[in-house]
Structure formats: structure tokens, C-alpha cells
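K.L.:
please find the sequence and the predicted model below.
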Amino acid sequence: MNTPTTPAPDAAPVRVDSAGAVRTITLNRPAALNSFTGAMHAALLAALNAAADDAQVRCVVVTGAGRGFCAGQDLGDPAMSGDHVDIGAVIERHYRPLALRVRTMPVPVVAAVNGVAAGAGANFALCCDFVVAARSASFIQAFSKIGLVPDCGGTWLLPRLVGRARALGLAMTGEKLAAEEAERIGLIWKCVDDAALHSSVSALAERLAAMPARALAETRRALDAAMPMDFGDALALEAAAQRELGHAHDYAEGVAAFMAKRAPVFVDR
């Protein structure tokens, strides 16, 4: 059973719970399909920062309350009101810090998509290291329907995940993509039956929490950094990463455990 780590009434925009080394952050505006507001952004970023700073946390799960994961930006939020809203300022104030925080967490981040993930909600999920979606869930790049482009990292993520042709198709048409199809085209890690979402995510999170967190975070960083590099530069990046990790506790522990035929105990972050 999850144990609340911070007092959070039902009205709080984000709930935070812990079970062992796994921290679960739940977007908590179910009546609005957990759409983003300024208050939710503040609470979510604070929860992610707290998890990053807590040495006991070795994996983070993000999910949504109710029947949706996140419907994107709440257009009724005060930040979006008025005749001449500076949406760029909203991106810089809220979405850019959120996307950068998720992509630089010192531990793996799993998105448990329990329902619709639309607009920035879809791309926030895609920022995570793993996306596990219920079969009834869907992903919608809804931006073109209101005259905008994908944000929260969507322009960078989509072509890298599914290629330019599919990225353009998803972004321009704004068509709903079923979770099973999202898995088939490589947009997400896995689609599971609705009833199995919680157990599947829990098993994955516990598995990741037992792995060398520092090496996993460095793997993410190296893969992202290598994308625009030529082959030689990527090889140099690998060497630099291995040089640093090779002096860390977890490498020595992994080798010792392998030689002794025992389970390793990783501690680095």
C-alpha cells in the first residue's frame, strides 16, 4: 500500500505517495481530466524536484487521477485568459522547466497513462523514460485544432520517436492515436490491459528501482546527446561516460556480484 509522504487533501492539484524506493506523483484534477493550470505546474515541479533531491527515491511514476492522464493546458486557467495571451511566456514559465526537469531526473521516470493524454499532456508523458498505457488510453496532438504547434518538447520528441512522416501526420491532423497503435509504431514503451496497468507499472518501477540509478540516468543523457553527433563523437561520449561510471561504487558492486553469483545492491544516484 502506498504511504503519503506529504499531506495532500483531495483538492490538491498533485498527490505524492511512496512505496519503498518508488515515488508516485498523481495529477489530481480528475473533473478536468487533469489539465494543466499554474497551480498544478508549481506543485508538479516541486514534487519532481523533491523526488530528485531524495536519496531514498530510485524511480518515479507519474499518473493521473480518474479516467484521464492529462488533457493538456486548461484554457480556462487565468494564465490563458485575455485577448493577447503571450503563450510563449507560458511555455517558458511552465512547460520548458517541466520538460527539462523530467529529462534530467537522476532516476528513471515512468508515465502510467490511464486514459486520454492530449496536447501537452501527451508530450509530458513522452518526456518520461517509459510510457506504459492502458489499452483504453489514447494520445492526441491536439495543437493544430487551436492553431498552435506541439509544445512541451513535442517538436523534438515526435520525429525522434516515430520518424518525420508519422510525426507530421500526428501533429497536423490531431487525430486520436490508440495506445495499442502507439506501441506498434514505437511512440510508447508498452500497452497493457486496463486491469493490468497498476501491476505492470509497479513491477517495472520496482525493477528499475533495484537497478543502478546513476547508470540509467547517464544512459538517458548519452542517448539524447548522441542524436545530433557523428559516430566518432558518440564513441568519445561513450568513453567519457564509462570513464566516470567505472570509478563509481555501482560498477564495482556489479562486477563483484556477478563474480560471486549474487544479487547486486546498487546505491549510486
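P.N.:
Cool, got the structure.
K.L.:
confirm Ala256 sits in a helix?
P.N.:
Yes: according to DSSP: H, G, I helix; E, B strand; the rest coil, the state of Ala256 is that of a helix.
K.L.:
can you give me the distance of it to Arg269?
P.N.:
Using C-beta to C-beta, to the nearest Å, Ala256 is found at 19 Å from Arg269. From N, CA and C alone the C-beta is placed, and that goes for glycine too.
K.L.:
and for Val62?
P.N.:
Using C-beta to C-beta, one obtains 19 Å as the distance from Val62 to Arg269.
K.L.:
any idea which residue sits dead centre in the protein?
P.N.:
Residue closest to the average C-alpha location in the chain (C-alpha atoms, centre = their mean): Cys128, at 2.1 Å.
K.L.:
hang on, the earlier thing: between Val62 and Arg269, which has more neighbouring residues?
P.N.:
In this view Val62 and Arg269 are compared by other C-beta atoms under 10 Å, and Val62 has more residues nearby, 27 against 17.
K.L.:
quick check, pLDDT for Asp83.
P.N.:
Looking at Asp83, its pLDDT reads 75.
K.L.:
repeat that for the one 4 residues further on.
P.N.:
According to the predicted model, the pLDDT of Ile87 comes to 93.
K.L.:
next: Glu183.
P.N.:
The score at Glu183 is 98. That number is its pLDDT.
K.L.:
excluding chain neighbours, what is closest to it?
P.N.:
Here the nearest residue to Glu183 in space, its sequence neighbours aside, is Cys191; by C-beta to C-beta, 6 or more residues apart in numbering that works out to 4.1 Å.
K.L.:
residue contacts, Ala99?
P.N.:
Remark: with contacts taken as C-beta atoms under 8 Å, 6 or more residues apart in numbering, Ala99 is in contact with Asn123, Phe124, Cys127, Cys152, Gly153.
K.L.:
Three-state assignment for the second one, please.
P.N.:
Following three-state DSSP, we place Phe124 in the helix state.
K.L.:
how about the contacts of Ala99, which pair is most distant?
P.N.:
Longest distance between any two of the contacts of Ala99 is 8.1 Å, between Phe124 and Gly153; criterion C-beta to C-beta.
K.L.:
which of these two has more neighbours?
P.N.:
Phe124 (26 against 20).
K.L.:
surely the more buried one is in contact with Cys70?
P.N.:
Yes: between Phe124 and Cys70 a contact is recorded at 6.3 Å, counting by C-beta atoms under 8 Å.
K.L.:
common neighbours of these two, please.
P.N.:
Common neighbours of Phe124 and Cys70, counting by C-beta under 8 Å, 6+ apart, are Ala117.
K.L.:
one step back: list the contacts of the residue nearest to the centre of the chain.
P.N.:
Going by C-beta under 8 Å, 6+ apart, Cys128 touches Val62, Val102, Val109, Val110, Ala111.
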